[in-house]
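Enquirer: sequence isn't available, so here's the structure alone:
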């Protein structure tokens, strides 16, 4: 096992760890550890909400989750010799749930998928599912099952939802300016268009007092993917993956967290993966001057790992860029097209006895494929959702006999 250079006591909040992590992006958060190029090491990780979600049959905790704590990240890790303009090579050697659970938090043999309420985060289909829901998943080696979505069993593609390097002060200022400009176009929108810096519940590693307060005022929230990587939520970013991150500050300052047992393309419910605490084993190296050598001016490059479930048969659902309730056409809008593909899949699964909420939770967490199938055939973009048929313990293919509709229970709801 690689050396643990960021240790987490899963019985304690990230704030109470011997060396705490952080939940904002800022170049002045000091490194928790330093490694040499070529090093292999382990990061232990908290659940992204710092264990605000419990293994129970109520979605009240998802409804009431305080998102100002998110994401609890492990790091930053400085890499000796890394300088702005370099590419930081990061190999994902291994990752998984908590190996030897010491608490009952997520990652201790279970994980969860949530639908955020419209007024507290929202999601990809929040206009159709404005309330909170939850599904608990039990881990069986690489497999996951849920008492809240019976009849389904699938192999997880474990991956970190979030990993990235620290921004420079200049890049951080650009993020804050452009995201505030977006917010200003509709400042009262629910859910919000973006999240500006927020001092409340900021965790800035080992900083305290005015130094930590400044990080809260200036630090970028961790919700979106940005030029440093960040919360990219790429389901194939799993074991065996190699990513090349732009280095913006001396040492690079790599951080990671938000581990997922599984996820569908798009993570459509926002909390749509199977979320968990756990461990992440990494190898790092450098390409000096790599950004200029390879024309990397904005975002990272990555090579997917070769570890993934083998699903060979899919039922695919098509969506186009049309609002079918008003017959309004949207010009090559792939987001609306993918929303329609998801809604078509949900309506189909309801004919087998699932509620719409169960189907939504399933599509967020199962290894579905989301594809951008056509963006040139004016006026309609065409997106498709590929649903593996073998994750169900019954036949979901259309037949002349019709769907096998039965009582499939219900997901966790709010009181």
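Expert: Structure received. Everything numeric here is computed off the predicted structure, so don't read it as measured data.
Enquirer: for the nearest residue to residue 198 once chain neighbours are set aside, give me its contacts.
Expert: Leaving aside its chain neighbours, residue 198 sits nearest to residue 68 (5.7 Å; criterion: C-beta to C-beta, 6 or more residues apart in numbering). C-beta here means a position set from N, CA and C on the backbone, and glycine is covered the same way. With contacts defined as C-beta atoms under 8 Å, 6 or more residues apart in numbering, the neighbours of residue 68 are 198, 200, 201.
Enquirer: just checking, what packs against the helix or strand bottoming out on mean pLDDT in the chain?
Expert: Among the helices and strands of the chain, strand 270-275 carries the lowest confidence by mean pLDDT, DSSP states H and E, at a mean of 90. Strand 270-275 is packed against strand 110-115, strand 254-262, helix 356-365, with contacts defined by 3 or more C-beta pairs under 8 Å, 6 or more residues apart in numbering; DSSP states H and E.
Enquirer: beyond the last one, next helix or strand please.
Expert: This means helix 356-365. Scanning the chain past helix 356-365 towards its C-terminal end, the next helix or strand to appear is strand 369-374 (assignment: DSSP states H and E).
Enquirer: got the angle for that following strand vs helix 356-365?
Expert: Between the axes of strand 369-374 and helix 356-365, defined by axes from the mean of the first three to the mean of the last three C-alpha atoms, to 10 degrees, the angle is 80 degrees.
Enquirer: so for strand 369-374, what gets flagged as buried?
Expert: For strand 369-374, the buried set under the neighbour-count rule, 16 or more other C-beta atoms under 10 Å, comprises 369, 370, 373, 374.
Enquirer: out of those residues, which is nearest to residue 178?
Expert: The closest of those to residue 178 turns out to be residue 370 (C-beta to C-beta; 26.1 Å).
Enquirer: surely that closest one touches residue 264?
Expert: Yes - Residue 370 is in contact with residue 264 according to C-beta atoms under 8 Å; the separation is 7.1 Å.
Enquirer: what pairs with the least confident helix or strand of the chain, parallel or antiparallel?
Expert: In the sheet, strand 270-275 lines up against strand 110-115 (antiparallel), strand 254-262 (antiparallel) (DSSP bridges).
Enquirer: need the next SSE after the first one, C-terminal direction.
Expert: I take that to be strand 110-115. strand 133-140.
Enquirer: could you give the mean pLDDT of the helix or strand that comes right after that next one?
Expert: Scanning forward in sequence from strand 133-140, with DSSP H and E defining helices and strands, the next element found is strand 143-145. Per-residue pLDDT values over strand 143-145 give a mean of 97.
Enquirer: the next helix or strand after strand 143-145 packs against which elements?
Expert: The first helix or strand that comes after strand 143-145 along the chain, using DSSP H and E, is strand 154-155. Counting contacts by 3+ C-beta pairs under 8 Å, 6+ apart, strand 154-155 is packed against strand 143-145.
Enquirer: mind listing residues that contact the strand it packs on?
Expert: Contact with strand 143-145 is made by 111, 137, 138, 152, 153, 154, 155, 156, 261, 262, 274, 365, as judged by C-beta under 8 Å, 6+ apart.
Enquirer: drop anything exposed from these.
Expert: Among the contacts of strand 143-145, those scoring as buried are 111, 137, 152, 154, 155, 156, 261, 262, 274, 365 (criterion: 16+ other C-beta under 10 Å).
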